[in-house]
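**Student:** what's the 3D shape of this:
(2 chains)
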Amino acid sequence: MAMVNLTINGQKVSAPPGSTVLQAAQLANIDIPTLCDHPALAPLGACRMCLVEIKGQRNLQPACTFPTTEGMDVQTESPRVVVARKFVLDLLFAERNHYCMYCEMTGDCELQALGYRYGLDHWVYPTYTKRFPVDATRLYFLMDHNRCILCRRCVRACSELVANHTLGVRQRGAESMIQADMNVPFGESTCISCGTCLQVCPTGALVDRRSAFMGRDIETEHTKSTCSHCSIGCGVEMVTRSGNVLRLEGDWDAPVNAGVLCQAGRFDPLYDERERVTKPLVRKKGELKETDWDTALQAVAKGMKGTKAQKLGVLASTYATNEALYLLRKLFSQELKVSNLGLLNKVAPVISDQGSLADIAESDIILVVGTNPVNDQPVASFFVKRAVDKGARLIVVDGKDNGLVPFAYMNLEMKEINRAVELAERAEHPMVLYGAGITKNAATALKKLGEKASFVALELGVNTRAAAALGLNNGFDASAAQALYILVGEQDLDGAPVLQKVGKDAFVVVQASFKSPLTERADVILPMAIWSERAGSLTNTEGRVQKANKAVEPKGEAKADWEILSLLAAKMGKKLGASLDDLSALAAEAIRPA
Amino acid sequence: MQEGVQIADPARRSMLLTALYIAQEQYGYLTKDAIERVANRLRLPVADVYSMASFYSLYRTEPTGRYVLQVCEGLSCHLVGGADRLVDYLQKKLGLEVGQTTRDGLFTLETVQCLASCGTSPAMRVNDALYENMTPERIDELLETLRGYHV
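**Tutor:** As a prediction, this is how the structure comes out:
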């Protein structure tokens, strides 16, 4: 590829054809200040902070949108440029209320940083005396129009990344305001509270309620991890301070989600109000009594050893780590020869080799069959909506209430699957997203698409792929179990279908993070750490094994899911691998398709 | 509730301004219903359509009177002693301020910058029709005639 050669500040730079001046400068590590520009968003040229002087151009030009040409001569900090940038900043500071001292973002604000960089020491223009409203109608974050600089990052994030198109700008000039739909309060709009706009806002206009005034970035720690919600496996960053998770952000470098998150991934984990189990509990004379780990594990080992393999049952959550699921299989299936194994929720059947979520963007027809990603795997629904924006045709084979129906070209019933298959056969790059709601007939019909289509199962639990690969979904019969080990973990379940069938005298061990009807029935409760408190690895629906990291200490005496099983195995006299790294490697090996 | 959005086709976006104009003619102004219908018909985001409607002053998102009186405030109309005098006269006569509508819903008074009729200034417009060489007397006649249609 022929590169474009140009000079920036006297330095020779070459960039791929089609690069903007800003991109060329970034390749050469030359810093040009920006505000409206964001690496994940299409350039807009709204704020004029990146103005540069280009030889032969009469006016200063915005580097973020100006294309490079051969032999171009650019100055990024010439006196003329600096004067213009200061002028832009003076106007931005005067337009609304940028009295930094009382702003949540002070210290972390991109506008404030530029104010310091260009030496703003007083207000040149009379500050805008008008007060703008604060919209606090959304549960998780609010919009303070007084701090808004109209950079439109939020608007672009909403349409380009999430393809939700809720945000826009109404009026023009000094009357311009960020707004939702037809100027309705954000909380009453089509907003899905994914928080992507919050994550890209350069100032204190969008404020996270939970972490507001809880510390500046320099006072916090960032730990990268993998979201523990659904089978997409988005990369997250946990922002912590003094052992508390303040907020979750999307990891821009993550291969799956590239920065976006959904409400369930970004906010809900921090608003979980279920009561934690913090100490091991053993039932004595009908009552659950707090005890130590040793006693509790001893009780479990005794109960399990005293039961025949055919009378043992195991139920696992699809939200547990690779390591825990691996140990569960190793201990119960291979060592104790238990065959009554099952998962706590329904999973999709295997139709074909799993494709990649990235295929969604390349597809021209998308079949969504028996799954409702808008509710259950929202980030996957973003990918679908983005593809639809680009012209892909969406066929939803599911009920009329499926969240993707409004975006669909066609909504079919499951029995009309052949029509969907016919249409997909005629397409160049068909994509099939399917879930546990698919019927056997539909799954068989879809097999006709064979190699041509890319298949991705959308599952509820983050680690469903690993659980299925490990053979834990073996058809479980609760009534046959005299001793039952339930790894419920963090899963939100009332467990009624299981509890109804479990015998009155059955010995029930529950490994759980939260209290639930299942823990009430338990004879032993083993307290488990939650997503922020444990390390391990998770396998997403594509088969991608990703790290989950620990950011804070487990609450009370809770332990990581795999650690509990490792201790239990040791208690039962089985050595099944020691360190986390060993277990991760063994688990990855066991999960990998043959 | 908005139906699906399909922004891939630039042709539909290019129809937006015309579609809004037609909707405005039919509804009188761009009601929420009108904006939603335009958005659904063109499969564009409601937020985008509303942004566009609120950006251009030719689109109205508030109801107006049956007749919108636009008095030119351009240079020529000023020089012949027209603009201020006519605006004052209309405000007193109709008992309203610029931007308001009479209580009977007949007249809305607005000022505009130039109607490209400098040779026959002072000029004003009633809806889409141009009126030239205006004086208070001619305004009386005009209002009389317009009211006559609605007795």
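**Student:** quick one: A:Asn549 and B:Glu141, what's the gap?
**Tutor:** Separation of A:Asn549 from B:Glu141 (Cβ to Cβ, to the nearest Å): 82 Å. The C-beta positions use only the backbone N, C-alpha and C, and glycine is treated the same way.
**Student:** what's near enough to touch the residue nearest to A:Leu51 when sequence neighbours are not counted?
**Tutor:** Nearest non-adjacent residue to A:Leu51, counting by Cβ to Cβ, 6 or more residues apart in numbering or on different chains: A:Leu60, 4.1 Å away. Going by Cβ atoms under 8 Å, 6 or more residues apart in numbering or on different chains, A:Leu60 touches A:Leu51, A:Val52, A:Glu53, A:Ile54, A:Arg80, A:Val81, A:Ala84.
**Student:** dihedrals phi and psi, A:Leu60?
**Tutor:** phi -70, psi 150 (degrees, to the nearest 10).
**Student:** repeat for A:Ala436
**Tutor:** Torsion angles at A:Ala436 (phi, psi; degrees, to the nearest 10) stand at phi -60, psi -20.
**Student:** do the same with A:Val74
**Tutor:** phi -120, psi 140.
**Student:** show the pLDDT at it.
**Tutor:** You'll see A:Val74 listed with a pLDDT of 98.
**Student:** quickly list what it is bridged to.
**Tutor:** Beta bridges link A:Val74 to A:Ile8, A:Ile54 when assigned by DSSP bridges.
**Student:** show me what A:Val282 is bridged to.
**Tutor:** A:Lys289, A:Val524.
**Student:** would you confirm that it contacts A:Gln298?
**Tutor:** No. Look at A:Val282 against A:Gln298 with Cβ atoms under 8 Å: they stay out of range, at 9.1 Å.
**Student:** what's the end-to-end length of stretch A:540-549?
**Tutor:** 15 Å (Cα to Cα, to the nearest Å).
**Student:** quick check: which element contains the closest residue to chain B within the stretch 351-500 of chain A?
**Tutor:** Using Cβ to the nearest Cβ, the single residue of the stretch 351-500 of chain A nearest to chain B is A:Gly391, 3.6 Å away. Under the criterion DSSP states H and E, no helix or strand holds A:Gly391.
**Student:** that one: neighbour count?
**Tutor:** Per other Cβ atoms under 10 Å in any protein chain shown, the neighbour tally for A:Gly391 reads 11.
**Student:** chain B: strands as residue ranges?
**Tutor:** In chain B, the strands defined using DSSP state E lie at B:67-72, B:107-112, B:124-126, B:129-131.
**Student:** what's near enough to touch the closest residue to A:Ala15 other than its chain neighbours?
**Tutor:** Nearest residue to A:Ala15 in three dimensions, chain neighbours excluded: A:Ala24, at 3.7 Å (Cβ to Cβ, 6+ apart). Contact partners of A:Ala24, counting by Cβ under 8 Å, 6+ apart, are A:Val4, A:Leu6, A:Ile8, A:Val13, A:Ser14, A:Ala15, A:Thr68.
**Student:** what score does A:Ala24 have for pLDDT?
**Tutor:** For A:Ala24, the pLDDT comes out at 97.
**Student:** quick check on it: phi, psi?
**Tutor:** phi -60, psi -40.
**Student:** also A:Asp181?
**Tutor:** phi 40, psi -120.
**Student:** does it touch A:Thr166 like I think?
**Tutor:** Yes. If you go by Cβ under 8 Å, A:Asp181 and A:Thr166 touch, sitting 6.3 Å apart.
**Student:** which neighbours do those two share?
**Tutor:** Common neighbours of A:Asp181 and A:Thr166, using Cβ under 8 Å, 6+ apart, are A:Ser189, A:Thr190, B:Ala47.
**Student:** next one: the last one relative to A:Asp268, how far apart?
**Tutor:** When you say that, I think you mean B:Ala47. Here the criterion is Cβ to Cβ. By it, B:Ala47 lies 25 Å from A:Asp268.
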